[in-house]
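> got a predicted structure here, sequence first:
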Amino acid sequence: MKEKIKSVLVNLLKVRPEELKDDVSLQDSIGVDSTEMVESVIALEKAFGTKLSPKEVTKFSTINDIEKVISSKIGK
Amino acid sequence: MDRIAVTGIGVVAPSGIGKRQFWANIKSGRSFIKEITRFDASLYPSHIAGQIDELEKYGMLSERLLKKIDAFSHMALIASELALQDAGIDIKNEDPNLVGIFLGNAIGGWLYAETELRDMYIEGREGVSPYMASAWFPAAPQGQVSIYYGIKGFSKTIVADRAGSLMALGYARKVLSKNKLNMILAGGTEAPVTPYSLLCCNTYGMLSKNNVHPQSAYRPFDKKRDGFVIGEGAGIVVMEGVERAKSRKASILAYISGYGTSCDGVDRIQPASDGKELARAIRIALTDAKASPEQIDYISLDGLAVNIWDESELKAVKEVFGARLKDIPVSCPKSMFGNLLGASGAIDMITTILGMEHGMVAPMINLDEPASNGLNYVLNHAKPHNIGKALIISRGRGGINSALVIEKA
């Protein structure tokens, strides 16, 4: 799942895969802005077929955090 | 008011990107008007334009940024970078609070907006890029340039139809002469070669329909004129106080010394047919520049290639310059690459400055049989002529008149 999350973000935000670190926040790793976060949440919702609230996935989330939230939603 | 120095030029135009390529093409009188290839425009009454292909090739911008901005911001960023390089300015060494951006634009960023609006109607609101809101509006390029360079000083976007960029240059000079800023990136940007923009420009009713002969379609002041041709691009210059430019040993390319503007106040689209208000704007600019009409030795005309616009413009210059007009070289180089609307005045000033630098006047093309005689048109090839003081005219719908006086450095 981690790889799928990364690939969604890489394709969407046009960043290099190695810039995304599992345990560093999106803000600290790639300096994501609030509009990019809106876009990311929508893209992750589409990719995983679930609803995410903007509070659950923020720019302070790490890839590990996002994985936890999505796992709990889709029960995997 | 003080003269202000122009120390760097950034040009992104159908005739070339960067001042050398642009000037080389301009002086030879080559037309860059072509059939539109970006999308199928064949059913539009006018489907020719000055297009810029492969903009990405010249970019220093990341894909991550490019997906958030429209072409008109992209072109403004490239033109800004070229202008700063030309001026030898590293923006990191500037006080960001004392750097400003003054840009003209007429229509906004529609290539971005159109595709997102289509997605909204097909996919619903979640189909729209969240960048749409900040990508399309006329002040977006100002914002993007300020973010890219960390510029934080007083800045403005001027929307005044085709007169916007000449006005931006005039206001930038005013701000600099009051010592409010150290330097300004000033000019204009426009990207009208998109399906909806082209539709609006067609509805406007003043575009040439000579699609069969794109290169000879834009014919300012010619008897067989049938309207103008749109073009896309950006023209941005670095402006700074003369003392500052000299103290940093910058190469001063020209001085902006006078600016004037007026409104016709007669019709929502057309200008006044008598040209009197345009003549008044020209006189205001001359007075501001402490120049007499006798001192002007080149006029860059607006040249819309529409009867009432061309005729009223000629009435205005005849009124101001009288019998001497026949001796002053005049030109309208945009006949080669299209009317860049809200960037047209800035491109005209840049062309004039390049002419000053090379001791030449840039030509106009397609003027086979002048509708009015008594003018010294420079036709088809650049002509050797030393421009000392030049007048640049730029006008917009609804009777917006603007005039700028520049001097050779």
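Nice, thanks for sending it over.

> show me which residues of chain A are close to chain B?
By CB under 8 Å from any CB of the partner chain, the residues of chain A that approach chain B are A:13-15, A:35-36, A:38-39, A:42. C-beta coordinates here come from the backbone N, C-alpha and C atoms, glycine included.

> please pick the buried ones from these.
Neighbour counting by 16 or more other CB atoms under 10 Å in any protein chain shown classes A:13, A:15, A:36, A:39, A:42 among those as buried.

> give me the domain ranges for chain B.
For chain B, automatic domain parsing gives the domain ranges B:4-254, B:258-408.

> what's the closest of those domains to chain A?
domain B:4-254 (4.1 Å; CB to the nearest CB).

> end to end, how far does that closest one reach?
Domain B:4-254 has an end-to-end distance of 8 Å (CA to CA, to the nearest Å).

> list the buried residues in stretch B:104-120.
B:104-114, B:116-117, B:119.

> and chain A, which of the residues you listed contact it?
Among those, no residue lies close to chain A (CB under 8 Å from any CB).

> which of those fall in strands?
Judged by DSSP state E, the buried residues of stretch B:104-120 include residue B:104 as members of strands.

> pick the one among the buried residues of stretch B:104-120 closest to residue B:86.
residue B:104 (19.8 Å; CB to CB).

> residues contacting that closest one?
B:157-160, B:163-168, B:187-189, B:342-343, B:345-346 (CB atoms under 8 Å, 6 or more residues apart in numbering or on different chains).

> then residue A:73?
A:48, A:50-52.

> and it, what helix or strand is that in?
Remark: residue A:73 resides in helix A:63-74, with elements defined by DSSP states H and E.

> can you give me the buried ones in that helix?
A:63, A:65-67, A:69-70.

> residue B:77: which element?
Going by DSSP H and E, residue B:77 is part of helix B:71-87.

> and if you look at residue B:287?
In the assignment (DSSP H and E), residue B:287 maps to helix B:276-288.

> so the residue in chain A positioned nearest to chain B versus residue B:166, what's the distance?
In chain A, no residue comes nearer to chain B than residue A:14, which is 4.1 Å away by CB to the nearest CB. Going from residue A:14 to residue B:166 by CB to CB, to the nearest Å gives 37 Å.

> quick revisit: from the buried residues of stretch B:104-120, which single one is nearest residue B:181?
So of the buried residues of stretch B:104-120, ranked by how close each gets to residue B:181 (CB to CB), first place is residue B:104, at 17.8 Å.

> list the contacts of the residue nearest to the closest one when sequence neighbours are not counted.
Closest residue to residue B:104 in three dimensions, ignoring its sequence neighbours and counting by CB to CB, 6 or more residues apart in numbering or on different chains: residue B:164, at 2.8 Å. Neighbouring residues of residue B:164 by CB under 8 Å, 6+ apart: B:103-106, B:158, B:188, B:341-343, B:345, B:396.

> up against chain A, what does chain B have?
B:62-64, B:67-68, B:126, B:129-131, B:134.

> pick out the most distant pair among these.
B:62 and B:126 (25.3 Å).

> which one (most neighbours) among the contacts of residue A:73?
residue A:48 (20 neighbours; other CB atoms under 10 Å in any protein chain shown).

> hmm, residue A:72 and that residue touching each other?
No. Taking CB atoms under 8 Å as the definition, residue A:48 is not a contact partner of residue A:72, at 11.5 Å.

> list the contacts of the longest helix that chain A contains.
In chain A, taking DSSP state H as the definition, the longest helix is helix A:34-48. In this structure, residues lying in contact with helix A:34-48 by CB under 8 Å, 6+ apart are A:4-5, A:8-9, A:12-13, A:26, A:32, A:51-52, A:54, A:57-59, A:66, A:70, A:73-74, B:68, B:126, B:129-131, B:134.

> hey, C-alpha coordinates of that helix in PDB?
Extracted C-alpha coordinates of helix A:34-48, given in PDB (Å, rounded to 0.1, in the frame of the first residue of the first chain):
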ATOM      1  CA  SER A  34      -2.400  23.500   1.100                       C
ATOM      2  CA  THR A  35      -3.800  23.300  -2.400                       C
ATOM      3  CA  GLU A  36      -1.500  20.400  -3.200                       C
ATOM      4  CA  MET A  37      -2.900  18.700  -0.100                       C
ATOM      5  CA  VAL A  38      -6.500  19.200  -1.300                       C
ATOM      6  CA  GLU A  39      -5.500  17.600  -4.600                       C
ATOM      7  CA  SER A  40      -3.700  14.800  -2.900                       C
ATOM      8  CA  VAL A  41      -6.600  13.900  -0.600                       C
ATOM      9  CA  ILE A  42      -8.900  13.700  -3.700                       C
ATOM     10  CA  ALA A  43      -6.400  11.600  -5.600                       C
ATOM     11  CA  LEU A  44      -5.900   9.200  -2.700                       C
ATOM     12  CA  GLU A  45      -9.700   8.900  -2.200                       C
ATOM     13  CA  LYS A  46     -10.000   7.900  -5.900                       C
ATOM     14  CA  ALA A  47      -7.100   5.500  -5.800                       C
ATOM     15  CA  PHE A  48      -8.300   3.700  -2.700                       C
END
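
> burial measure for residue 25, as a count.
No chain was given, so I picked chain A. Neighbourhood size, residue A:25 [other CB under 10 Å]: 16.

> wait, chain B
18.
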